[in-house]
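[1] My questions concern the predicted model and sequence given below.
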Amino acid sequence: MTKRVKPWHVVAATVALAALVGCSGGEKKEAAPAGDSKPAAAAGDSKPAAAAGAVAGDPAKGKEVFMGTCSACHGPDAKGLPGSGKNLVNKSDWMKKQSDADLLAFVKKGRPSTDPVNTTGVDMPPKGGNPSLNDDDLKNVIAYIRSVQK
């Protein structure tokens, strides 16, 4: 004899699942535009910028992508190259204010040398000049950069 599922069981399970899903998130924050000098976290938010807009990533996979793409300008040690990419190990004030989500938006867009905030005079191409990188690749690179910062 097979048990029959009663309709009210289905409704109760659906309501419980909806409640769990609804409680798992929070208010979604929009990422600041690349180069925006505003802090990523709202005033009075005690969370560091990196935690406020955390983006999951794998630092080990990110190192592989970094070495294949980003190290051409930022150096194999992420300390920058003269006349090229910035030092990513020594966290700048700008970088301290950026959440991981902000950095993802920034790396996807890049920064032209004509941008007044660009201090190198060298273009930061979108996705480091590698259009084949997807969001997961970039999230991994951000996780790697966060892992080597002092």
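    That came in fine, so what should we check first? Numbering: from 1, shown residues only.
[2] Going by residue numbers, what spans are helices in this protein?
    7-24, 49-52, 59-65, 71-74, 93-96, 100-109, 135-148 (DSSP state H).
[3] Could you pull out the buried residues of the fourth one?
    This means helix 71-74. Residues of helix 71-74 classed as buried by neighbour count (16 or more other CB atoms under 10 Å): 71, 73-74. Where C-beta positions appear, they are placed from N, C-alpha and C, glycine not excepted.
[4] Export those residues as JSON lines, with columns for distance to residue 123 and pLDDT.
    Conversion of the buried residues of helix 71-74 to JSON lines gives the following (distance: CB to CB, whole Å; pLDDT from 0 to 100):
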{"residue": "71", "distance to residue 123": "17", "pLDDT": "96"}
{"residue": "73", "distance to residue 123": "10", "pLDDT": "95"}
{"residue": "74", "distance to residue 123": "14", "pLDDT": "95"}
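[5] okay, the residues you listed in CSV with distance to residue 136 next?
    Rendered in CSV, the data for the buried residues of helix 71-74 read as follows (distance: CB to CB, whole Å):
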residue, distance to residue 136
71, 19
73, 22
74, 20
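[6] quick one: which of the residues you listed is nearest residue 148?
    Relative to residue 148, the closest of the buried residues of helix 71-74 is residue 74; by CB to CB it sits at 10.6 Å.
[7] Let me see the contact set for the closest one.
    Under the criterion of CB atoms under 8 Å, 6 or more residues apart in numbering, the contact list for residue 74 reads 66, 80-81, 84-88.
[8] Check residue 112 too.
    Taking CB under 8 Å, 6+ apart as the contact definition, residue 112 lies against 118, 123-124.
[9] most surrounded residue in those residues?
    Taking other CB atoms under 10 Å to define a neighbour, the member of the contacts of residue 112 with the most is residue 124, carrying 25 neighbours.
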